[in-house]
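Trainee: Using only what follows, build the 3D model:
(chains A and B)
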Amino acid sequence: MTDMTTLQSRNASMSSNEDSTSSVMTIEIGPAHPAMHGIVRFTTQLDGELIVGMETEIGYLHRGFEKESENSKWIQVIPYTDRLNYVSPLLNNIGYSMAVEKLYGIEAPRRAEFTRVIMGEISRITDHLTCLAAVAMEIGGFTFFLWAIKAREYLWELVEEMTGARLTTNWTRFGGNSTDLPDGFLSELSDRLIKLKDVMAECDKLLTRNKIFIDRVKDVGCFSKEDALSFGFTGPLLRACGIPYDVRRADPYSVYNELDFEIPVGSTGDCFDRYLVRMEEIQQSIKIIEQAADKLPEGPYMTDERMLRYPDKKDVYGNIEGLIDHFKLVMEGHQPPAGEIYMPIEGGNGEVGFYLVSDGSGDPVRVRLRPPCLNLVEAMPSMTIGHYVADIVAIFGSINMIGGELDR
Amino acid sequence: MDILLEIIMIPAVLALIKIVVIILLFALPLGTLLTLMERKWSAMIQDRVGPNRANIGSFTGHGLLHLAADGLKSIFKEDCIPRGANKFLYLLAPFFGMISAVAIFSIIPIAGPIGDFTFQVADVEPGLLFIFAITSLSVYGAVLAGYSSNSKFALLGGTRASAQMISYEVFMGLALMGVFMVYGTTRVSGIVDGQNEYWFGNLIPMWGVFTQPLGFILFFTALVAETKRPPFDAPEGESELVAGYFLEYSGMRWSAFMLAEYIAIVGVSVLMTTLFFGGYHVPWLHLWESAPQWLVTILQIIKFSIVTIFFCWFQIQLRWTVPKFRFDQTMSLGWKKLLPLSLLNLFVTAFVILAFA
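Mentor: Residues are numbered from 1 along each chain as shown, chains lettered A, B, ... in the order given. Down below sits the predicted model:
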């Protein structure tokens, strides 16, 4: 009831601006609007074309991920994480599994970690490509959009080969991955990377030095370092503001400290810097993938530890230990030791953090996700006020809001 | 038979027949085909296949049937009128764009005259001024559609459209003033014939594009802005205003806006051909003095069509290559850059004519 009342009073206060003497017009952009990827509503006040006020409303895609997780076994949460950031689902899988591994105090075998790095970086590239493509499309570069989507397709096919699915990957497990590299994956990977580089060079030629494009994105949505920090920005947007914070370097996880890559930073934090940072990060990710593919060690892709890995079928049917393990894992689930941890990884949009609380039983007590784009969407009003209505699409596109992750 | 011929040769009847032929056999089919051409060409640019699914049995005609499918779909769709709309203006608006797009063709000669018979509906004395008058009318379509739809998005689109078209109208006229000065007339047939002269013996035809290179670029830019095509499609504002001024339209009325846009593309192309690429005159054809009249006419129509199609293609290529301007950037480009340039063009042309004539 209170919600309804606030909504009504807000609507009343907004419509009071619309008397005939006022030049301010209230316009609802979203929830169903072509520029709102995912679903979000901006109640925007316009003075002519100028934005003078904006209120964001989120939650249209709320599915109760966190509550659902509390009513599941630990392992059953992994498929739910696919649906968080649905343009880079593997990164969520990896983040959640690493968080549970941290709770257990174990590490996955090195081959599994390297494979995770490869797949994670592939997902980061798909994430960045989606974002760049959306920005380009919304300011009229439809050709760039389709070229980037074509490049993304090369990578999705790799993901499909590895996990059997494009979006609902459900790939990692606690202490390893569900599958090893399929046959011929590495040669396929290097072919695809060459193709990707070609497409990126083409895209770069098409847009990066285009005068119209630069006019549309330069000095649009500028954000200072201090503001970015106080809003809790992470990821490409924070780096575009000039702060070289990247979880892969700041708090190295997995095998990132063995790999050589650079963190691109911008200076003003406008949409053009965000575009350049993302373009450069794609190049860096390609570099990481190549190194990881070179260094990929032999060995198991899944831990052998009891009560972490499901026993092989021959053990389930062949001996009593296997049968008991299987029974307990299925009926009671994985039982990480009691405690609470926070495990951040660098997702496509920034820091994807899982905060987990365990009481030692098979059900999570709390699964909390830190969605990187919540902070970014929160800053939408301060980024857009003072700009023109057409800038909303450039700014909002470069935020790369993903509804599934934002609303959980 | 003789009576029929006599009836046909009555000027009014003849003009009517020409109108039907030019509009029904040239403007409308080319405009309609252009929708398919645009989809196919953009598909080629973007590594796609393009429309190829509509079929009768196993016949698809490389997507040709999509034209029929689109037409049928638009006719059978519900014609919605939004609540609170000004019904009269709402129903009237689509005609303005259509009429002004089609009217351009009335003064364009598509081949040289044979005796008294001209391949032109009307060779009016004001000529191009008539074109300005007509193209200005198309702004009413956008403004009325935006105003009468009772939608804020459409209203924003309508105001953008009016501001943009009125500003680009200004230097569109100025950019063309140079052409008037060079050929000394506003009559279209006069300008076309003026482009049949040659420089340096028979080396370079005196086409508008050579006598007025800057005017050519300016006029083309202004015309593209007039048609509200990307990169000047802020009034449509696909990403932020959804569809701009025709947001609320559906069915055939929506199609009328779209078709008007494509016919306007053809209109722009025939204008560019006529004013800057020698119109129907085939360059250096006069050197072949014994050419039979019928062959000359056919060659002229072919040449006219090729240049027209080239400009249609060029506008499509333009749309799928560059991003679009923001509304204020369109305006500042028009007033701060293109208007001074067209004034400069005017003064330089005047100076050159005074100094060398």
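Trainee: and the closest residue to chain A within the stretch 101-250 of chain B, how many neighbours?
Mentor: Closest approach between the stretch 101-250 of chain B and chain A, counting by C-beta to the nearest C-beta: B:Ser239, at 4.1 Å. No exception for glycine: its C-beta is placed from N, CA and C like everyone else's. As a burial measure, B:Ser239 scores 21 neighbours (other C-beta atoms under 10 Å in any protein chain shown).
Trainee: do the same with B:Ser106
Mentor: B:Ser106 is flanked by 19 other residues according to other C-beta under 10 Å.
Trainee: pretty sure it contacts B:Ile131?
Mentor: No - B:Ser106 is beyond contact range of B:Ile131, at 9.4 Å (criterion: C-beta atoms under 8 Å).
Trainee: coming back round to it: quick check, the residue of the stretch 101-250 of chain B closest to chain A in contact with A:Pro34.
Mentor: Yes - assessed by C-beta under 8 Å, B:Ser239 is found in contact with A:Pro34 at 6.4 Å.
Trainee: Now for these two: what residues contact both?
Mentor: Common neighbours of B:Ser239 and A:Pro34 (criterion: C-beta atoms under 8 Å, 6 or more residues apart in numbering or on different chains): none identified.
Trainee: Find the nearest non-adjacent residue to the residue nearest the centre of chain B, please.
Mentor: The centre of chain B sits closest to B:Gly267, judged by C-alpha atoms, centre = their mean, with a distance of 2.0 Å. With C-beta to C-beta, 6 or more residues apart in numbering or on different chains as the criterion, B:Gly267 has its nearest non-adjacent residue at 4.0 Å, and that residue is B:Ile104.
Trainee: A:Glu340 falls within a helix, correct?
Mentor: No - if the criterion is DSSP: H, G, I helix; E, B strand; the rest coil, then A:Glu340 is strand and not within a helix.
Trainee: what residues are up against the nearest residue to it once chain neighbours are set aside?
Mentor: Spatial nearest neighbour of A:Glu340, excluding adjacent residues (C-beta to C-beta, 6+ apart): A:Val357 at 4.4 Å. Neighbour list for A:Val357: A:Gly339, A:Glu340, A:Pro364, A:Val365, A:Arg366 [criterion: C-beta under 8 Å, 6+ apart].
Trainee: Check A:Leu196 too.
Mentor: A:Ile125, A:Ala151, A:Tyr154, A:Leu155, A:Ile286.
Trainee: can you tell me the helix or strand for it?
Mentor: helix A:185-207 (DSSP states H and E).
Trainee: pretty sure the residue nearest to the centre of chain B is touching B:Phe105, no?
Mentor: Yes - using C-beta under 8 Å, B:Gly267 makes contact with B:Phe105 at a distance of 6.8 Å.
Trainee: Common neighbours of the two, please.
Mentor: B:Ala27.
Trainee: Write out the residues of the stretch 51-200 of chain A neighbouring chain B.
Mentor: A:Ala136, A:Met137, A:Glu138, A:Ile139, A:Gly140, A:Gly141, A:Phe142, A:Thr143, A:Leu146, A:Trp147, A:Lys150 (C-beta under 8 Å from any C-beta of the partner chain).
Trainee: From those, which land in strands?
Mentor: Under the assignment DSSP state E, those contribute nothing to strands.
Trainee: residues in contact with the helix or strand hosting B:Ala69?
Mentor: According to DSSP H and E, B:Ala69 maps onto helix B:65-76. Residues outside helix B:65-76 that contact it (C-beta under 8 Å, 6+ apart) are B:32-33, B:35-36, B:39, B:51, B:53-56, B:59, B:251-252, B:254-255.
Trainee: out of these, who's nearest B:Ile298?
Mentor: Taking C-beta to C-beta as the measure, B:Ile298 sits nearest to B:Leu33 out of these, at 20.7 Å.
Trainee: gap between the closest residue to that closest one other than its chain neighbours and A:Phe42?
Mentor: Once flanking residues are discounted, B:Leu33 sits nearest to B:Leu67: 7.5 Å by C-beta to C-beta, 6+ apart. Between B:Leu67 and A:Phe42 the computed distance is 38 Å (C-beta to C-beta, to the nearest Å).
Trainee: Okay, strands next: where are they in chain A?
Mentor: According to DSSP E, the strands that chain A contains are A:24-29, A:41-47, A:50-57, A:172-173, A:176-177, A:339-346, A:351-358, A:366-370.
Trainee: now the third one against strand A:24-29, angle please.
Mentor: This means strand A:50-57. 40 degrees (axes from the mean of the first three to the mean of the last three C-alpha atoms, to 10 degrees).
Trainee: Just the C-alphas of strand A:50-57, formatted as PDB.
Mentor: Only the C-alpha atoms of strand A:50-57 are listed here, as PDB (Å, rounded to 0.1, in the frame of the first residue of the first chain):
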ATOM      1  CA  LEU A  50      17.100  19.600 -22.600                       C
ATOM      2  CA  ILE A  51      16.800  17.100 -19.800                       C
ATOM      3  CA  VAL A  52      16.200  18.900 -16.500                       C
ATOM      4  CA  GLY A  53      15.100  16.100 -14.300                       C
ATOM      5  CA  MET A  54      15.200  12.300 -14.300                       C
ATOM      6  CA  GLU A  55      14.100   9.600 -12.000                       C
ATOM      7  CA  THR A  56      15.000   6.000 -12.600                       C
ATOM      8  CA  GLU A  57      12.800   3.100 -11.700                       C
END
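Trainee: Centre of the chain to it, how far?
Mentor: 26 Å (C-alpha atoms, centre = their mean, to the nearest Å).
Trainee: That one to strand A:41-47, inter-axis angle?
Mentor: 160 degrees.
Trainee: hmm, who's touching strand A:50-57?
Mentor: For strand A:50-57, contacts defined as C-beta under 8 Å, 6+ apart pick out A:10, A:24, A:30-31, A:40-46, A:377-378, A:380-381, A:384-389, A:391-392.
Trainee: please redo it, this time with the cut-off set to 10 Å
Mentor: The contact list for strand A:50-57, computed with C-beta atoms under 10 Å, 6 or more residues apart in numbering or on different chains, reads A:7, A:10, A:14, A:17, A:23-31, A:39-47, A:377-389, A:391-392, A:396, A:401, B:328.
Trainee: which of the residues you listed count as buried?
Mentor: The neighbour-count test (16 or more other C-beta atoms under 10 Å in any protein chain shown) marks A:14, A:25-27, A:29-31, A:39-46, A:377, A:379-380, A:383-384, A:387-389, A:391-392, A:396, A:401 as buried among these.
Trainee: ranges for the strands of chain B?
Mentor: Along chain B, counting by DSSP E, strands occupy B:198-199, B:204-205.
Trainee: The last one: partners in the sheet, and parallel or antiparallel?
Mentor: The pairing partners recorded for strand B:204-205 under DSSP bridges are strand B:198-199 (antiparallel).
Trainee: Can you pull out the residues in contact with the strand it pairs with?
Mentor: Outside strand B:198-199, the residues that touch it by C-beta under 10 Å, 6+ apart are B:Ile204, B:Pro205, B:Met206, B:Phe210, B:Thr211, B:Pro283, B:Trp284, B:His286.
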